[in-house]
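coordinates only, sequence not included:
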């Protein structure tokens, strides 16, 4: 159940992530397309072509995010953005304003790629930008910037990178906190606070799941309904704290005697329900006898008092076309028979 909650939150996070990437694709397409149109009246045909190519790439990334891989779409967006920025820094863009666009790279990188990979990419990106700007003109001719502009551009970009990383870290921590909080509340809603076993609601959900599996795979399913004998006398003689200790210690014994795929639940008061998938009534009887014997041999020490307790168990196996309520009622009738026959026994046994 906790896993399903995490999957649900992750699915919602992925959906939001996909929407942001799709939105960025559309915005990138619109801006680069508009800039391409404006540059038609300029002197650089190369810039015009590159802007229209970038616009087409963002449009393709939008359709990829809708129909195909979100990871592929994000990769296309990031690296086409890097290439466009490299060209704008190298060429200067319009009136040497090309480098001003590099500031959008930091938030997009850490959001699309994640914090760690985004920071690695930004370090490489800034290194390439720095090489382009400080590359001597005699090596290759490119846009020329003043030393003051270069220094301030780098420092501003580092500041933007720090703020973007801080925001992304906070966003990731918030997501983890939501997952942890949801898991905690889900656990509280589905478990008994005293024994830490599954509660009645949780057990009912497990029974429905197992019944569906029985219908699919035609496998046996058995339940044990267990009740503590003369438990009221323990509370009356030693107090409710002693009764709580008895319930907690017996819960541990119950858990130790079942398999990983089994479910032990506090069904109500001093009643416990064992759900045993892939188990026939005969196999359930063997398990029940082991549990009964272990409880009989166990002593609970409370304030130097030795408390001995026994249990009675009713067994029922799910039959064809039987409902969950009918299964539990059958186990309850067998539990009643165990008590009628003298307690501290398994029925049918």
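Received it, and whenever you're ready, just let me know what you need. Quick caveat, the model's predicted, so the values are computed rather than measured. Numbers count the residues shown, from 1 in each chain.

where does the protein dip in pLDDT?
1-18, 42-43, 65-70, 349 (pLDDT under 70).

show me where it has strands.
Ranges of strands in the chain, per DSSP state E, are 221-228, 263-268, 271-277, 299-302, 305-308, 311-317, 346-347.

next one: the first one to chain centre, how far?
Just to be clear, that refers to strand 221-228. Centre-to-centre, strand 221-228 and its host chain are 33 Å apart (C-alpha atoms, centre = their mean, to the nearest Å).

can you give me the helices in this structure?
All helices of the chain, identified by DSSP state H, fall at 2-38, 45-67, 70-91, 105-113, 115-134, 147-190, 200-217, 231-238, 240-256, 281-297, 324-340.

buried set for the second one?
To tie it back to what came earlier, the one meant is helix 45-67. Using 16 or more other C-beta atoms under 10 Å as the test for burial, helix 45-67 gives 47-48, 50-52, 54-55, 57-62, 64-65. The C-beta positions use only the backbone N, C-alpha and C, and glycine is treated the same way.

now do the last one
Neighbour-count burial for helix 324-340 flags 327, 328, 330, 331, 332, 334, 335, 338 (criterion: 16+ other C-beta under 10 Å).

what about the third one, distance to residue 308?
According to C-beta to C-beta, to the nearest Å, residue 330 stands 30 Å off from residue 308.

before we move on, what about the first one?
According to C-beta to C-beta, residue 327 and residue 308 sit 31 Å apart.

so how far is residue 50 from residue 24?
In terms of C-beta to C-beta, residue 24 sits 19 Å off from residue 50.

apologies, that question was intended for residue 231.
81 Å.

residue 215 too?
As judged by C-beta to C-beta, residue 215 and residue 50 stand 61 Å apart.

same question, residue 79
Counting by C-beta to C-beta, the separation of residue 79 from residue 50 is 15 Å.

again, but for residue 318
Going from residue 318 to residue 50 by C-beta to C-beta gives 69 Å.

one step back: and which of the buried residues of helix 45-67 is nearest to residue 342?
Proximity of those to residue 342 was ranked by C-beta to C-beta; the top entry is residue 65 with 69.8 Å.

rewinding a little: columns distance to residue 289 on top of the buried residues of helix 324-340, output as TSV?
Formatted as TSV, those follow (distance: C-beta to C-beta, whole Å):
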residue	distance to residue 289
327	21
328	21
330	19
331	16
332	19
334	14
335	15
338	12
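
quick check, nearest of those to residue 293?
Nearest to residue 293 among these: residue 338, at 14.4 Å, using C-beta to C-beta.

tell me the contacts of that closest one?
When contacts are counted by C-beta atoms under 8 Å, 6 or more residues apart in numbering, residue 338 touches 312, 313, 314, 345, 346, 347, 349.

who wins for neighbours among those residues?
Neighbour counts for the contacts of residue 338, by other C-beta atoms under 10 Å, peak at residue 313, which reaches 27 neighbours.
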